[in-house]
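Novice: Need coordinates for the below:
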Amino acid sequence: MARKQVNSLSGQVVAITGGARGIGKATATAMIRRGARVAIGDLDLPLAEQTALELGGNCVAFELDVTERPSFEAFLDAAEKELGPVDVLINNAGIMPLGRLVEESDETARLMVDINLHGVLIGSKLAMERMTARNSGHIVNIASQAGKGGFPGGATYCATKFAVVGLSEAMRAELEDTDVEVAVVMPAIVNTELGGGLQSARGVRNLEPEEVADAIIEAVETNRYDVWVPKSTAAIATVMNLVPRRGREAIAKGLNAHKVLDEADSNVRAEYEDRAAHSSHMAQVNDPAAAESPAKTTKSS
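Specialist: Numbering: from 1, shown residues only. Here you go, the predicted model:
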């Protein structure tokens, strides 16, 4: 079956997780400019509502914990009740606490896996059920170039993004005989709080969220699967895959890629790291009483 071409986003209903800030907010803004109607979900509901107010009447906001199926299902139900059937789901929510693996707490690792991987799994399953029933839709999974190579200082983060890349590959194959599309987006370092305090690799500048948003829109409009941001990094990845491991490691060091996560500025990242560490799930692990009043901490990329 020929894969459906999406030529226009006008009138499309787009749901974005972690949409209150960063890449999610930039993508919501770009989608609305193209005539889409957008539902943003975020654990920080007040911030999500503020963002929706800024973006105008074609944007609505709902509370969302991507790690909980009932919460994710309620988000999609609310979006569809308010705007209509969801045409595009963008699995954007994610966190990136940094540090050497041996120094990382098990709770931090579980939190990253819950948000960065289980959140994408849950959202993808729910979207696939709805979209395959209509034989129409698009699922966009936000991974990272850390999903194509392991970088010291972010081992668990890399593991979750590798998983998202592999998941997306399998989803695409499972949906091959349908008109439901899949895209996996792999940006370099982005100038958001998640990317704060990180060094740049040689030859790869840090991105603005709007550049990632533009790449997401292009992917949906043209049914592109592999989305490297910037596009030039796809060539670097191709070269890396053609040389033996020792050569790949030498190239990575030559580009200073091994320092990007490992030598992050902890002072710049302090506020972000603290907020990521005190999300609702982390609070419940460390303080059972917090389960009755979870912290409202954003999970936006």
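Novice: For the protein, which segments count as strands?
Specialist: For the chain, applying DSSP state E gives strands covering 13-17, 37-42, 59-63, 88-91, 137-142, 180-187, 226-229.
Novice: Would you reformat those as CSV and include mean neighbour count and mean pLDDT?
Specialist: Placement of C-beta: from N, CA and C, glycine included. Shown next, in CSV, are the strands of the chain (neighbours: other C-beta atoms under 10 Å; pLDDT from 0 to 100):
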stretch, mean neighbour count, mean pLDDT
strand 13-17, 28, 98
strand 37-42, 29, 98
strand 59-63, 22, 98
strand 88-91, 28, 98
strand 137-142, 26, 98
strand 180-187, 25, 97
strand 226-229, 20, 94
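Novice: Adding distance to Pro209, write the ones you listed out as TSV.
Specialist: What follows is these, written out as TSV (distance: least, C-beta to C-beta, whole Å):
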stretch	distance to Pro209
strand 13-17	12
strand 37-42	14
strand 59-63	16
strand 88-91	13
strand 137-142	11
strand 180-187	9
strand 226-229	10
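Novice: Out of those strands, which is closest to Arg245?
Specialist: strand 180-187 (20.7 Å; C-beta to C-beta).
Novice: Tell me the pLDDT of Asn58.
Specialist: Residue-level confidence at Asn58 comes out at 96, pLDDT.
Novice: I'd assumed Val38 was in contact with it.
Specialist: Yes - using C-beta atoms under 8 Å, Asn58 is in contact with Val38, at 6.4 Å.
Novice: Report the set of residues contacting both of those two.
Specialist: Ile32 (C-beta atoms under 8 Å, 6 or more residues apart in numbering).
Novice: sorry, back to before: Leu126 is nearest to which of the strands of the chain?
Specialist: Nearest to Leu126, of all the strands of the chain, is strand 88-91, at 8.2 Å by C-beta to C-beta.
Novice: where along the stretch 201-301 of the chain do the helices fall?
Specialist: 209-222, 233-242, 245-254, 266-277, 280-286 (DSSP state H, counting those that start in this stretch).
Novice: from the ones you listed, which stretch is densest packed?
Specialist: Among the helices of the stretch 201-301 of the chain, helix 209-222 has the highest mean neighbour count (mean count of other C-beta atoms under 10 Å), at a mean of 20.
Novice: So which elements touch that helix?
Specialist: Other elements packing on helix 209-222 under the criterion 3 or more C-beta pairs under 8 Å, 6 or more residues apart in numbering; DSSP states H and E are helix 22-33, strand 137-142, strand 180-187, strand 226-229.
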